[in-house]
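>>> Kindly return the folded structure for what I paste below:
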Amino acid sequence: MVDRPNQQVYPLVPVADRQFSRSDENIEDSGPLTPDHVLRRKKRIKLAIYISAFVVFEIMVILVFALVLMKARTPKVRLGTNVTFQNFKIGTQARPSFDLSFTAQVRVKNTNFGPYKFDSTNATFMYQGVTVGQVTIPKHTAGMRSTKKVTVTVNVNSNALPSTTKLGSELGAGVLTLNCHAKLKGKVVFMLMMKKKKSAEMNCTMTVDSSTKAVKSMIC
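The predicted structure follows:
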């Protein structure tokens, strides 16, 4: 065997150790790695937070809508005092009669936080319980927290009255008292989705002054 003087001998490194060293070098070069299960856990936590927040929001919305619906108020309906007569014929105490034609405003006051949509209906005018005229209130919508004014033309006369009424004495006093009744049926609409049925009634007493040919009083 030939001697080789002045030659340095290095110890042998196992193959596994060399591979491990190279793996360590790669890890150091690429930085620390986060395990997959940790990433998946973070994603699940975020998803759970989002779902919980959405559920809480939906519950709050439903509660608010429920409270609003429970507080839905009945609209108010009345006959306006701005009555204009086109025909005004009133008899005497000896020969009592009347034949009137006038325009009036039906006012639907809606105090809800949503529009009130009502169907067409009839308003009945009576004298001492006897129907003396009718008019149709057309289908309309009263906006949110507003008053809808519907102009109607009314014709009333005494043709259907029996002779036993006190029309003669009332005309002798220079007044004519008429009663008006109507019932509106409709729905209050919230957020274009939620609806609640509401009916509103109108009961008004109109006193007409025969000397001035104008409405003396209107009580609703």
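
>>> Please count neighbours and contacts with C-alpha atoms only from this point.
Noted.

>>> Where do the helices of this structure begin and end?
Here the chain has its helices, by DSSP state H, at 15-30, 36-70, 167-172.

>>> how about the last one: buried residues?
Read it as helix 167-172. 167, 168, 171 (16 or more other C-alpha atoms under 10 Å).

>>> on that earlier part again, mean pLDDT lowest for which of the helices of the chain?
For those, mean pLDDT drops lowest on helix 15-30, to a mean of 48.

>>> where in the protein is pLDDT low?
1-35, 68-70 (pLDDT under 70).

>>> got the residue ranges for the strands in it?
Assigned by DSSP state E, the strands in the chain fall at 76-79, 84-90, 98-110, 116-118, 121-127, 130-137, 140-142, 146-157, 175-190, 194-209, 214-219.

>>> on contacts alone, who are the packing partners of the last one?
What it means is strand 214-219. Packing partners of strand 214-219 (3 or more C-alpha pairs under 8 Å, 6 or more residues apart in numbering; DSSP states H and E): strand 194-209.

>>> what residue is smack in the middle of this structure?
A centroid search over the chain (C-alpha atoms, centre = their mean) returns residue 114, at 2.0 Å, as the residue closest to the centre.

>>> For residue 198, see how far away that one is.
Plainly put, residue 114 is 12 Å away from residue 198 if you go by C-alpha to C-alpha, to the nearest Å.

>>> Which neighbours do these two have in common?
Residues touching both residue 114 and residue 198 (C-alpha atoms under 8 Å, 6 or more residues apart in numbering) are residue 188.

>>> follow-up on the earlier one: name the nearest of the buried residues of helix 167-172 relative to residue 58.
Closest to residue 58 out of those is residue 167 (63.2 Å), distances taken as C-alpha to C-alpha.

>>> residues in contact with that closest one?
Counted by C-alpha under 8 Å, 6+ apart, residue 167 has contacts 93, 96, 97, 176.

>>> how many neighbours does the last one have?
Using other C-alpha atoms under 10 Å as the criterion, residue 176 is surrounded by 20 other residues.

>>> what does the second one give?
In terms of burial, residue 96 registers 18 neighbours under the definition other C-alpha under 10 Å.

>>> quick one: contacts for it?
90, 167, 168, 171.

>>> The residue nearest to residue 153 when sequence neighbours are not counted: neighbouring residues, count only.
Leaving aside its sequence neighbours, residue 153 sits nearest to residue 103 (C-alpha to C-alpha, 6 or more residues apart in numbering; 4.4 Å). Neighbourhood size, residue 103 [other C-alpha under 10 Å]: 15.
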